[in-house]
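In: Sharing a model that was predicted from the sequence below.
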There are 2 protein chains.
Amino acid sequence: MDAYKKQTDLLKTIAHPTRLAVLEILRDGEQCVCHMEAMLGLRQASISQQLMILRQSGLVEFRRDGLNMYYRVVKPEIFSVLDAVNSASGQAAARIAHIHANTECPCPKCNAVQNIPLDQISVYG
Amino acid sequence: MDAYKKQTDLLKTIAHPTRLAVLEILRDGEQCVCHMEAMLGLRQASISQQLMILRQSGLVEFRRDGLNMYYRVVKPEIFSVLDAVNSASGQAAARIAHIHANTECPCPKCNAVQNIPLDQISVYG
DNA sequence: AAACTATATTCAGATTTCTGAATATATAGA
DNA sequence: TCTATATATTCAGAAATCTGAATATAGTTT
């Protein structure tokens, strides 16, 4: 029965709407916290808390670049789990359009995008 | 963000050692409660509680046969999730040998097995 | 009908998880 | 060095979950 401890821990780690959303965002590679904040329309502290949990579980890591912290997934196997959950739940939440929900994201990555002509902007940018 | 509600619910449902173990047991098709009891070495009430949760989530159903209740998985997609979790957690708990842990199971299915010569008994019986 | 068996349900206390607010830290820029 | 920005950490109360024990129920056998 202890054999299920690790699996249970992994499942508990991702069984949270914000954490699932963050992982979906990180499918496209590293992203800064402000980006997640803008996309999810959640408060900074709240996202940071969930990132801490993902970090403690060893699922993500981050690097600093100036003021920004860029998070990335270090266990890509987790995406297979997300895919399976997607199918099994009948709720195709994966690949949500990566468009800022409420606010503007001030990070360099996002501001760069703003200078690209509209018709060249991908919804997964 | 509500798009993740269903997925979160599904994940929470299976994020429990006993429930994972039960689902693994049900990979081979329907099994009665006494069988799970014998295999997992857990108390009846405890298993019944977890079965109720699996039932409420719509993951399993059951049929009565005399005194025995035979449970089965009705959403086989869940096994893809278990497979993915298995790989991702690095903990290959799937396909645990289906051998009674502590006690004897009194159900017809198991007693039937006891009359088969030893060398014909599969560990996944 | 009475006793027995397999399983379900209920409940309360313990534990874990969540949430928001407040505050701290580290870097950047003036 | 002072201020602003991006992010992290801490904490306490609320909410959800877990657990075991007690009890209920529905078939079965006698």
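Out: Right, received. Where do you want to start?
In: excluding its backbone neighbours, what's nearest the residue nearest in space to the middle of chain A?
Out: In chain A, the C-alpha nearest the mean C-alpha coordinate belongs to A:V22, at 2.2 Å (Cα atoms, centre = their mean). Nearest non-adjacent residue to A:V22, counting by Cβ to Cβ, 6 or more residues apart in numbering or on different chains: A:M36, 5.8 Å away. (Glycine included, C-beta is placed from N, CA and C.)
In: Which secondary structure elements does the particular helix or strand that has the one you found in it sit against?
Out: Element membership for A:M36, per DSSP states H and E: helix A:33-40. Where contact means 3 or more Cβ pairs under 8 Å, 6 or more residues apart in numbering or on different chains; DSSP states H and E, helix A:33-40 is packed against helix A:17-25, helix A:44-56, strand A:68-73, helix A:108-113.
In: Do any residues in the first one lie close to DNA strand C?
Out: Right, helix A:17-25. Yes - contact of helix A:17-25 with DNA strand C (Cβ under 7 Å from any atom of the strand) involves A:T18.
In: Can you tell me the SS state at A:A88?
Out: Three-state assignment for A:A88 (DSSP: H, G, I helix; E, B strand; the rest coil): helix.
In: Which residues does stretch A:9-26 contact?
Out: A:31, A:35-36, A:39-40, A:42, A:46-47, A:50-51, A:53-54, A:57, A:59-60, A:71-73, A:78-79, A:81-82, A:93-96, A:98, B:1-2, B:4-5, B:7-8, B:11-12, B:14-15, B:85, B:88-89 (Cβ atoms under 8 Å, 6 or more residues apart in numbering or on different chains).
In: about what we covered before: how far away is the residue nearest to A:V22 from B:A15?
Out: According to Cβ to Cβ, to the nearest Å, A:M36 stands 23 Å off from B:A15.
In: A:R63 now?
Out: Noted for A:R63: a distance of 30 Å to B:A15, by Cβ to Cβ.
In: if you count what's nearby, which of those two comes out ahead?
Out: The residue with more neighbours, out of A:R63 and B:A15, is B:A15; 21 against 10, by other Cβ atoms under 10 Å in any protein chain shown.
In: just to revisit the earlier point, can I have the helix holding A:M36 written out in CSV, keeping just the CAs?
Out: What follows is helix A:33-40, C-alpha atoms only, in CSV (Å, rounded to 0.1, in the frame of the first residue of the first chain):
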residue,chain,number,x,y,z
VAL,A,33,5.2,34.9,-12.6
CYS,A,34,3.8,38.1,-13.9
HIS,A,35,2.7,36.4,-17.0
MET,A,36,0.7,33.8,-15.1
GLU,A,37,-0.7,36.6,-13.0
ALA,A,38,-1.9,38.4,-16.1
MET,A,39,-3.3,35.3,-17.8
LEU,A,40,-5.1,33.8,-14.9
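In: the inter-axis angle of that helix versus strand A:68-73?
Out: Calculated by axes from the mean of the first three to the mean of the last three Cα atoms, to 10 degrees, helix A:33-40 forms an angle of 70 degrees with strand A:68-73.
In: could you check whether helix A:33-40 is close to DNA strand D?
Out: Yes - Helix A:33-40 reaches DNA strand D (Cβ under 7 Å from any atom of the strand) through A:V33, A:C34, A:E37.
In: Around whatever residue of chain A ends up closest to DNA strand D, how many other residues sit close by?
Out: Per Cβ to the nearest atom of the strand, A:C34 is where chain A lies closest to DNA strand D, at 3.0 Å. Neighbour count for A:C34, taken as other Cβ under 10 Å: 20.
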